[in-house]
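In: the sequence and its predicted three-dimensional model are supplied below.
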Amino acid sequence: MSDTPHYDAIIIGTGAGGGTLAQRLAPSGKRVLLLERGDYLPRERDNWDSTAVFVKGKYRAPEFWLDKHGREFPPEVNYYVGGNTKFYGAALFRLRPQDFGELRHHDGVSPAWPIRYEDLEPYYTEAEHLYLVHGRHGEDPWEGPAGAQYAYPPVEHEPRIQQLSDDLEKQGLHPFHLPIGVDLSQDGQGRATPSSVCIRCNRVDGFPCLVRAKSDAQVICVEPALQHPNVEMVTGAHVVRLETDATGRTVNAVVARLAGGGEARYAADIVVVSCGAVNSAVLLLASANDRHPHGLANSSDVVGRFYMRHNNAALMAVSKEPNDTQFQKTLALHDWYLGADDWDYPLGGIQMLGKSDAEQIHGEAPRWAGAVTPNMPLEVMAHHAVDFWLCGEDLPLPDSRVTLDGEGRIHLALDETNNTAGLDRLRHKLQHMLGHLGMHEHHLLDHSIYLHKGMPIGATAHQAGTVRFGTDPASSALDVYCKAHDLDNLYVVDTSFFPSIGAVNPSLTAIANALRVGDHLLERMG
């Protein structure tokens, strides 16, 4: 081990969890090494090309996982500096306070967290300020208390979305400005100012940002962290296993396969895994040894289990009037998040998607054949499209899990019918309102190009739950600070730690938790 470089901390992965943690540790002077499986995303015109990004999947990892029947599918994963935040929609919601407690759903119970909303609240506020979140606390009647207002005002609605907001209010509902992380300054009319980095284009959702205006982990955290001389990063370093000392209590080697061939070994006082919920579980399972025969941190047999990814629906309505909106992702609705007058269980939330364009519509055309009026060409439909994202909670099931076979291939088992009744009701709520919202009543179409052609198991963007935290080592892999119960120096800070997922995008919770764990590590490292 004498020729193995040694650090105070190694962070494996540079996404919402790992990248944010690096930013937190950087000013400490401690030697920090970031290991990133991918490289920097190339900046090129195709970043903003719908056919390249959505139809051809140019930037998705060229790999296939297997479902519970052994069938291959392409997962929605990207291996670049910044992780999946390079492609996320930057919708940065807090979980509701009720999400931290036990919640009864139609199909079962969403378990309580070992921490409360109040424990994470200061870090939510800090995360919102760090990631330049634009919004207005107080608009959503069901959000939790906030220690401070957003540092940036909401992204103003364009006229068609403002009309939608007004029409929803006329229905007695409570639409609010969607909290979104963008480097935007607006004039009195809501337009991007001449000095604004964000130009309010229609490429925010699912596209990497060519002008670096989206608050992704690379721009917000990794690059600032690397300005510190004590922080290093190796790209093209796919960590394939963690090795422990003879006691099994300490990770003493991080082994990575390098892009140029060969392996490299690194060591650190603290090792942090942040590879995404599936790949973090894969790394721990692949690191089995005599002391940990079922994988690291897995004496409870929960590693890889309780996988969650939300019950999602991407839907396109057809407006009676043209929709000239460019930056459409500005509105959300949580009136039925925890229940409804006609339903005692949570339904979920509704938010806007990025604006459809003709290339995306053409990509969906075979699915929609005969489903729309024949006298509406696809280009006209794209001009009238209004795009919605419906998000409901799926429940953590022990048999929804990540496993490895003898060849090291990733298997992902998933019950695709898990707790879907709430999402179905949410869709019906939206469907029945279309006529009151200035849209064609029967034109609510599956826009599954956002969900890999309607394959729920392939929609892994919101993956969570495979290395859950808790107070009982018999039923959880991590303690309340996301340290493995079974090891003294191993932490996990991506969305793997979630015991439940709620019904909002998980990124802000991962960011806030990384800040919280970062404070714990700073104290531990002195």
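Out: Looks like it came in fine. Numbers count the residues shown, from 1 in each chain.
In: quick one: low-confidence parts of this structure?
Out: 1-2, 366-375, 450-455 (pLDDT under 70).
In: helices along that one, start to end?
Out: Secondary structure of the chain, counting by DSSP state H: helices at 16-25, 50, 117-130, 159-170, 217, 223-226, 277-286, 358-368, 378-384, 421-433, 507-525.
In: of those, which stretch is the most buried?
Out: Using mean count of other CB atoms under 10 Å, the stretch among the helices of the chain with the largest mean neighbour count is helix 217, at a mean of 33. C-betas here are computed from N, CA, C, even on glycine.
In: which elements pack onto that one?
Out: With contacts taken as 3 or more CB pairs under 8 Å, 6 or more residues apart in numbering; DSSP states H and E, helix 217 sits against helix 16-25.
In: what's next to the helix it packs on, contact-wise?
Out: 9, 11-14, 32, 34, 82-85, 127, 130, 217-218, 220-222, 224-225, 231, 272, 274, 493-495, 507, 510-511, 513-515, 517-519, 521-522 (CB atoms under 8 Å, 6 or more residues apart in numbering).
In: the nearest residue to Arg203 once chain neighbours are set aside: what's it in contact with?
Out: Nearest residue to Arg203, sequence neighbours excluded (CB to CB, 6 or more residues apart in numbering): Trp48, at 4.7 Å. Neighbouring residues of Trp48 by CB under 8 Å, 6+ apart: 201, 203, 207, 210.
In: same thing with Leu173?
Out: Per CB under 8 Å, 6+ apart, neighbours of Leu173: 333, 335.
In: if you set the cut-off to 6 Å instead, what comes out?
Out: By CB atoms under 6 Å, 6 or more residues apart in numbering, the contact set of Leu173 is Asp335.
In: could you measure from it over to Ala146?
Out: Using CB to CB, to the nearest Å, Leu173 is found at 22 Å from Ala146.
In: likewise Pro175?
Out: Taking CB to CB, one finds Pro175 at 19 Å from Ala146.
In: between the two, which one's more packed in?
Out: Between Pro175 and Ala146, Pro175 has the larger neighbour count (other CB atoms under 10 Å), namely 25 against 15.
In: wait, the more buried one sits on Leu331?
Out: Yes. Using CB atoms under 6 Å, Pro175 makes contact with Leu331 at a distance of 5.5 Å.
In: need the residues touching each of those two.
Out: Applying CB under 6 Å, 6+ apart, one finds that Pro175 and Leu331 are jointly contacted by Ser165.
In: so what's Leu34 closest to, chain neighbours aside?
Out: Using CB to CB, 6+ apart, the closest residue to Leu34 is Met233 (4.0 Å).
In: what's opposite the nearest residue to Ser500 once chain neighbours are set aside in the beta bridge?
Out: Nearest-residue entry for Ser500: Ser110, 4.3 Å, with adjacent residues in sequence omitted and distances by CB to CB, 6+ apart. Under the criterion DSSP bridges, Ser110 forms beta bridges with Leu103.
In: OK, contacts around Ser110?
Out: 103, 395, 500.
In: apply 8 Å and report the result again.
Out: So Ser110 contacts 99, 102-104, 393, 395-396, 500, 502 (CB under 8 Å, 6+ apart).
In: what's the closest of those to Ile361?
Out: Nearest to Ile361 among the contacts of Ser110 is Glu393, at 29.9 Å by CB to CB.
In: where do the strands sit along the stretch 101-250 of the chain?
Out: 103-105, 108-110, 133-134, 176-177, 180-181, 231-235, 237-244 (DSSP state E, counting those that start in this stretch).
In: quick one, which of these is nearest to Tyr150?
Out: Taking these one by one with CB to CB, strand 133-134 is closest: 5.7 Å.
In: other residues contacting the closest one?
Out: Here strand 133-134 makes contact (CB under 8 Å, 6+ apart) with 92, 127, 150-155, 177, 179-182, 184, 215, 508.
In: filter these to the buried ones?
Out: Among the contacts of strand 133-134, the ones that count as buried by 16 or more other CB atoms under 10 Å are 92, 127, 150, 152, 154-155, 177, 179-182, 184, 215, 508.
In: how distant is stretch 419-430 from the center of its chain?
Out: With CA atoms, centre = their mean, to the nearest Å as the basis, stretch 419-430 stands 21 Å off its chain's centre.
In: now swap in stretch 485-500 and tell me
Out: Its chain's average C-alpha position is 17 Å from that of stretch 485-500, according to CA atoms, centre = their mean.
In: let's number from 430 now, not from 1
Out: Got it, first residue is 430 now, which makes that one stretch 914-929.
In: just the endpoints, please. Distance across it?
Out: When the termini of stretch 914-929 are compared using CA to CA, to the nearest Å, they are 19 Å apart.
In: mind listing what's buried in that stretch?
Out: For stretch 914-929, by 16+ other CB under 10 Å, it's 914-916, 918-929.
In: can you tell me which of these are in strands?
Out: Those of those mapping onto strands are 919-921, per DSSP state E.
In: okay if I get those residues as JSON lines plus distance to Asp764?
Out: Supplementary listing: those in JSON lines, determined by distance: CB to CB, whole Å:
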{"residue": "Leu919", "distance to Asp764": "42"}
{"residue": "Tyr920", "distance to Asp764": "38"}
{"residue": "Val921", "distance to Asp764": "35"}
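In: out of those residues, which comes closest to Pro504?
Out: Of all those, Pro504 sits closest to Val921, with 19.4 Å by CB to CB.
In: distance check, that closest one against Val648.
Out: With CB to CB as the criterion, Val921 and Val648 are 24 Å apart.
In: then Gly864?
Out: Applying CB to CB to Gly864 and Val648 gives a distance of 42 Å.
In: the two: which is more packed in?
Out: Val648 (23 against 12).
In: who's in contact with the more buried one?
Out: 511, 641.
In: next, the angle helix 445-454 makes with the top strand by length along the chain.
Out: For the chain, the longest strand by residue count, based on DSSP E, is strand 692-702. Relative orientation of strand 692-702 versus helix 445-454 (axes from the mean of the first three to the mean of the last three CA atoms, to 10 degrees): 90 degrees.
In: can you list the buried residues in strand 692-702?
Out: For strand 692-702, a neighbour-count test (16+ other CB under 10 Å) marks 695-702 as buried.
In: quick check: the residue nearest to Leu463 touching Gln656?
Out: No. Assessed by CB atoms under 8 Å, Met662 is found out of contact with Gln656, at 11.7 Å.
In: show me which of those two is the more surrounded one.
Out: Neighbour count, other CB under 10 Å: between Met662 and Gln656, Met662 has more, with 18 against 8.
In: out of the ones in strands among the buried residues of stretch 914-929, which comes closest to Asp719?
Out: Proximity of these to Asp719 (CB to CB) peaks at Leu919, which lies at 17.0 Å.
In: I figured that closest one was touching Ala726, is that so?
Out: Yes. Leu919 lies in contact with Ala726 (CB under 8 Å); the separation is 6.3 Å.
In: now do the shared contacts for those two.
Out: Counting by CB under 8 Å, 6+ apart, the residues touching both Leu919 and Ala726 are Ala913.
In: can you report how many residues neighbour Thr846?
Out: Thr846: 11 neighbours (other CB under 10 Å).
In: look up how far Leu852 lies from it.
Out: Thr846 sits at a distance of 11 Å from Leu852 (criterion: CB to CB).
In: cool, and Arg472?
Out: Taking CB to CB, one finds Arg472 at 37 Å from Leu852.
In: ok, now Phe898?
Out: For Phe898, the distance to Leu852 (CB to CB) stands at 26 Å.
In: if we can go back for a sec, out of the helices of the chain, nearest to Thr433?
Out: Thr433 lies closest to helix 706-715 among the helices of the chain, at 18.4 Å (CB to CB).
In: for the closest one, packing partners?
Out: For helix 706-715, the packing partners by 3+ CB pairs under 8 Å, 6+ apart come out as strand 666-673, strand 692-702, strand 830-833, strand 839-842.
In: may I have the beta-bridge partners of His435?
Out: The partner residues for His435, given DSSP bridges, come to Ala696.
In: number of nearby residues for it?
Out: 14.
In: that one contacts Ile699, correct?
Out: No. Using CB under 8 Å, His435 is not in contact with Ile699; the gap is 11.4 Å.
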